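Colleague: Let's see this in three dimensions:
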Amino acid sequence: MLKHLAISLLCTCLSATAFAVEEPPADRSEPIYLIGQLKLDGSNMSYSIFLHEDAVTSLDQCNAAWQSGQQGDWPHYFHVFRRDLIQGFSAHIQYRCATSTQSISSWEERRDYRKSYLVHIDRQRLTLKPYNSFAACSRDFGYLSSADQANRFCTKSSQELR
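Modeller: Residues are numbered from 1 along each chain as shown. Below you'll find the model as predicted:
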């Protein structure tokens, strides 16, 4: 039951926060991702989606899209968070926009969040480091300095690095 609930958490949202920062110069050939991170309150458990839309060509457009989405109008980045699957638990979601040199498979609504990653977002640049398990990622995360932990987190995802 708990495993099923944990896997379905990404499709659930109780509250949302996001980070908008000034857009740094970016290589226009790099994809821009909206990262949605659902975090189960009181734990280090996290589920993430990495959304890319060809129509979004700047970090400013990405930031405007999630800000509009917080008002219920998502002009880009279709995704579903199902509140009904998290009854009895508290969680929140954060959105961030970033570019990446890595190619990430498209997100599809499904419950197999089996991929584990250490996510690093620095100056709106996204890097994913794959792990065999969430526990292994969490262990390595614990060895990082506080400064290095500030812009990294471990997460589960249904998406793959290509």
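Colleague: any chance you could map the helices in the protein?
Modeller: 2-8, 59-69, 134-143, 146-149 (DSSP state H).
Colleague: Low-confidence regions, the chain specifically.
Modeller: In the predicted model, the chain carries pLDDT under 70 at residues 1-28, 80-87.
Colleague: quick revisit: which one of the helices of the chain is the most hemmed in?
Modeller: helix 59-69 (a mean of 19; mean count of other Cβ atoms under 10 Å). (Each C-beta comes from the backbone N, C-alpha and C, glycine too.)
Colleague: Redo the helices of the chain as JSON lines? Include distance to Glu109.
Modeller: Formatted as JSON lines, those follow (distance: least, Cβ to Cβ, whole Å):
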{"stretch": "helix 2-8", "distance to Glu109": "11"}
{"stretch": "helix 59-69", "distance to Glu109": "16"}
{"stretch": "helix 134-143", "distance to Glu109": "21"}
{"stretch": "helix 146-149", "distance to Glu109": "31"}
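Colleague: so which of those helices comes closest to Ser90?
Modeller: Checking these against Ser90 by Cβ to Cβ gives helix 2-8 as the closest, at 12.5 Å.
Colleague: before we move on, back to that, now for the helices of the chain, which one comes closest to Ser29?
Modeller: helix 59-69 (14.3 Å).
Colleague: Which of the helices of the chain sits closest to Arg123?
Modeller: In terms of Cβ to Cβ, the element of the helices of the chain nearest to Arg123 is helix 59-69, at 10.6 Å.
Colleague: returning to that earlier point: for Glu53, which of the helices of the chain is the nearest?
Modeller: Minimum separation from Glu53 across those (Cβ to Cβ) falls at helix 59-69, 7.9 Å.
Colleague: Which other helices and strands does that closest one contact?
Modeller: strand 32-40, strand 91-99 (3 or more Cβ pairs under 8 Å, 6 or more residues apart in numbering; DSSP states H and E).
Colleague: coming back round to it: right, and the helices of the chain - which one's nearest Ser46?
Modeller: Of all the helices of the chain, it is helix 134-143 that lies closest to Ser46, at 8.6 Å by Cβ to Cβ.
Colleague: which other residues reach that closest one?
Modeller: Here helix 134-143 makes contact (Cβ atoms under 8 Å, 6 or more residues apart in numbering) with 44-45, 116-118, 131, 149, 152-156.
Colleague: could I have that helix exported to CSV, CA atoms only?
Modeller: Provided in CSV are the C-alpha atoms of helix 134-143 (Å, rounded to 0.1, in the frame of the first residue of the first chain):
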residue,chain,number,x,y,z
PHE,A,134,17.0,5.9,-4.3
ALA,A,135,18.8,4.6,-1.2
ALA,A,136,22.2,4.7,-3.0
CYS,A,137,21.5,8.3,-4.1
SER,A,138,20.4,9.3,-0.6
ARG,A,139,23.6,7.8,0.8
ASP,A,140,25.9,9.7,-1.5
PHE,A,141,23.8,12.9,-1.0
GLY,A,142,24.5,12.5,2.7
TYR,A,143,28.3,12.7,2.1
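Colleague: Perfect, that will be all.
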